[in-house]
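A.B. asks: Any chance you can model this:
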Amino acid sequence: QPFVIVAQERLARTAGARLAWLSPQAEQRLTGYLSERLVALARPTLEHESPTLLRGFSRPQAEIPGLPGKSRPPDLWAICRGYPLLARQLSTTAAHWVDAALEFLSRLAADWDDLADAIRMNLPHPLPSAFVRNLHPGLSDPHRGGRTVWRVDLAGGATVAYKPKNLTRDRAWNDLLAWCNARGLAPSLRPLWTLLRPGYGWMEWAESDASGDDAERQRYYRRAGVLLGLLHLLHAADAHGENLIRQGAHPLLIDGEMLLYPQVAGQAADDPLDVMRTGLLPRWIVREAEVAEIGGLPAESGTSCREEIVAGYETLCHFVEAHWDALHAADGPLHAFHQGVVRFAPRPTAAYLRLLDHLRHPSFLRRGVDFSIAADRLARAYASDPQKECLRHLLAEEHAALGQGDVPIFSVAAGSDRAELSFIWPPFALPCQPYRGSKPVSSAKVWTARPGSPHQTTRPSPSWPMRWGWADCWRSGLCRWRVGVWAG
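C.D. replies: From the prediction side, this is the model:
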């Protein structure tokens, strides 16, 4: 296809000898990913105009102007003229693909020696031809110019994850796990090595493995309870199934961008004592008249897994009580979470994905005004709620990201009282309330839930973490979860 041909030639011309680092299989997979994205963008229009185009472009071929010897399906040329917004999206996607590939090759060369130390392999230097055995891009939602997480398979059997985003939170999380393990946390939680770089980084690849006997399954859920306690401590969100990998008896958090999630003005206040907000525990939502299960852990039948989670949760509670002073010290592991940025989500990612799919309809791709009107449905959430008026400034960035096929993404400066949103337009700020260490709270004032009832009696101010009363509030949070989720 013309867009793929032009993108390949531009990549080969710009990358030069660096392109030889990729094996033919890796280069083919990288090009295949671009083709898949282009077809996904054009599919609704092609099906609407000419289904034969989508079935392999089987009609007679004509030469592409400016590219002697190259051919094109004649109907596709007419479709691009009839749907200029589609043509722009296709060309933008191809250009972003070239930029992302060049960025990856440059960063791979710059970090090669440090990667060798991280994966503990004697890698050849300089990087030899075809040493990148395979690539698997597109393992996350596209952000900031179509950039996604990549799986990188190297010759010799090593596999790493390339993440073109800030990994300060992930590094702090895995350092915290190592710190806890070194001080006797049992059962231990396995950390993943993280190579931190400005604006991007590399991580150990975690392969899913849900096999094992009943004993290993119980050990997994015991560790999941410990993990739940740490996520609750760090006021985490978004620990759903896509961010949690089961590897034998170990639950592995592979994305920590929403650890220490702030409370932003204009968003509904979350109960800091509610373990459900972490996203790890099973829950259900109604979506298009269907009930969908979400959460990092499945809602398995029986009581054994639930009791293991509770036991692991209480284990972490006692561990934190015993090591609180060291955890919260200026040189302690919690201090690192006040650096870098944390992702801020003004609305669910699923809402952006549904809108992106909606905007691919041919009726929105002929004129820019039609596309803009369709995209402006995002404003309804801000206009319908006066408390969200301060979020209205996000619309410009949301529209810009959606226009180039991205899922909008925003960040909050850790430890700051302002939310810095600065990826597409100049930065502006929103008032937010970060969750930090606070003055001790009496256990008598801590929110508690009575067995058999999810309702609260008294509730403290939303400050987190709290030194005193942790055992009560954690147990009450679990009580509400056990009663509310698995009732009956």
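
A.B. asks: Please list all residues in contact with residue 323.
C.D. replies: For residue 323, the contacting residues are 180, 183, by C-beta atoms under 8 Å, 6 or more residues apart in numbering. (C-beta placed from N, C-alpha, C; glycine too.)

A.B. asks: What strand or helix carries it?
C.D. replies: helix 304-327 (DSSP states H and E).

A.B. asks: Strand partners (parallel or antiparallel) of the next helix or strand after that helix?
C.D. replies: The element immediately downstream of helix 304-327 (helix or strand, assigned by DSSP H and E) is strand 341-344. Here strand 341-344 has these sheet partners by DSSP bridges: strand 410-413 (antiparallel).

A.B. asks: Give the buried residues for the helix holding residue 323.
C.D. replies: For helix 304-327, the neighbour count (16 or more other C-beta atoms under 10 Å) marks 305-306, 308-310, 312-317, 319-320, 323-324, 327 as buried.

A.B. asks: Same check on stretch 398-416?
C.D. replies: 398-399, 401-414.

A.B. asks: State the mean pLDDT of it.
C.D. replies: Mean pLDDT, computed over stretch 398-416, is 87.

A.B. asks: next one: it to chain centre, how far?
C.D. replies: 12 Å (C-alpha atoms, centre = their mean, to the nearest Å).

A.B. asks: pull the CA atoms of that stretch into PDB?
C.D. replies: Taking Å, rounded to 0.1, in the frame of the first residue of the first chain, the C-alpha atoms of stretch 398-416 are listed here in PDB:
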ATOM      1  CA  GLU A 398      -8.200  15.700  24.100                       C
ATOM      2  CA  HIS A 399      -9.300  16.900  20.600                       C
ATOM      3  CA  ALA A 400      -5.700  17.100  19.400                       C
ATOM      4  CA  ALA A 401      -4.900  13.600  20.600                       C
ATOM      5  CA  LEU A 402      -8.000  12.100  19.200                       C
ATOM      6  CA  GLY A 403      -7.400  13.800  15.900                       C
ATOM      7  CA  GLN A 404      -4.100  11.900  15.400                       C
ATOM      8  CA  GLY A 405      -5.600   8.600  16.600                       C
ATOM      9  CA  ASP A 406      -4.100   8.700  20.200                       C
ATOM     10  CA  VAL A 407      -5.700   8.000  23.500                       C
ATOM     11  CA  PRO A 408      -5.300  11.300  25.400                       C
ATOM     12  CA  ILE A 409      -3.000  11.000  28.400                       C
ATOM     13  CA  PHE A 410      -2.200  13.500  31.200                       C
ATOM     14  CA  SER A 411       0.100  13.600  34.200                       C
ATOM     15  CA  VAL A 412       0.300  15.100  37.600                       C
ATOM     16  CA  ALA A 413       3.600  16.200  39.100                       C
ATOM     17  CA  ALA A 414       4.200  13.900  42.100                       C
ATOM     18  CA  GLY A 415       4.100  15.700  45.500                       C
ATOM     19  CA  SER A 416       2.700  18.800  43.900                       C
END
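
A.B. asks: Make 11 the first number, not 1, from now on.
C.D. replies: Noted, 11 is the first residue going forward, which turns the last one into stretch 408-426.

A.B. asks: where's residue 383, which helix or strand?
C.D. replies: Going by DSSP H and E, residue 383 is in helix 378-385.

A.B. asks: For the stretch 11-160 of the chain, which segments are assigned as helices?
C.D. replies: Taking DSSP state H, counting those that start in this stretch, the helices of the stretch 11-160 of the chain run over residues 12-25, 34-59, 61-64, 84-92, 94-120, 122-129.

A.B. asks: Need those in TSV (columns: mean neighbour count).
C.D. replies: Formatted as TSV, the helices of the stretch 11-160 of the chain follow (neighbours: other C-beta atoms under 10 Å):
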stretch	mean neighbour count
helix 12-25	17
helix 34-59	17
helix 61-64	14
helix 84-92	16
helix 94-120	19
helix 122-129	15
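
A.B. asks: which one of those lies closest to residue 394?
C.D. replies: helix 94-120 (27.8 Å; C-beta to C-beta).

A.B. asks: From the contact counts, what lies against the closest one?
C.D. replies: helix 12-25, helix 34-59, helix 84-92, strand 169-173 (3 or more C-beta pairs under 8 Å, 6 or more residues apart in numbering; DSSP states H and E).

A.B. asks: From the chain's centroid, how far away is the first one?
C.D. replies: Here helix 12-25 is found 29 Å from its chain centre; the criterion is C-alpha atoms, centre = their mean.

A.B. asks: Then the shortest one?
C.D. replies: Computed by C-alpha atoms, centre = their mean, the separation of strand 169-173 from the middle of its chain amounts to 14 Å.

A.B. asks: and what of the longest one?
C.D. replies: Using C-alpha atoms, centre = their mean, the distance from the centre of helix 34-59 to the centre of the chain it belongs to is 23 Å.

A.B. asks: Please state the mean pLDDT value computed over it.
C.D. replies: On average, helix 34-59 scores 93.

A.B. asks: cool, the last one as well?
C.D. replies: Taken as a whole, strand 169-173 has a mean pLDDT of 97.

A.B. asks: Tell me the helices and strands packed up against that strand.
C.D. replies: Against strand 169-173 (3+ C-beta pairs under 8 Å, 6+ apart) you get helix 94-120, helix 122-129, strand 160-164, strand 210-214.

A.B. asks: Much appreciated, bye for now.
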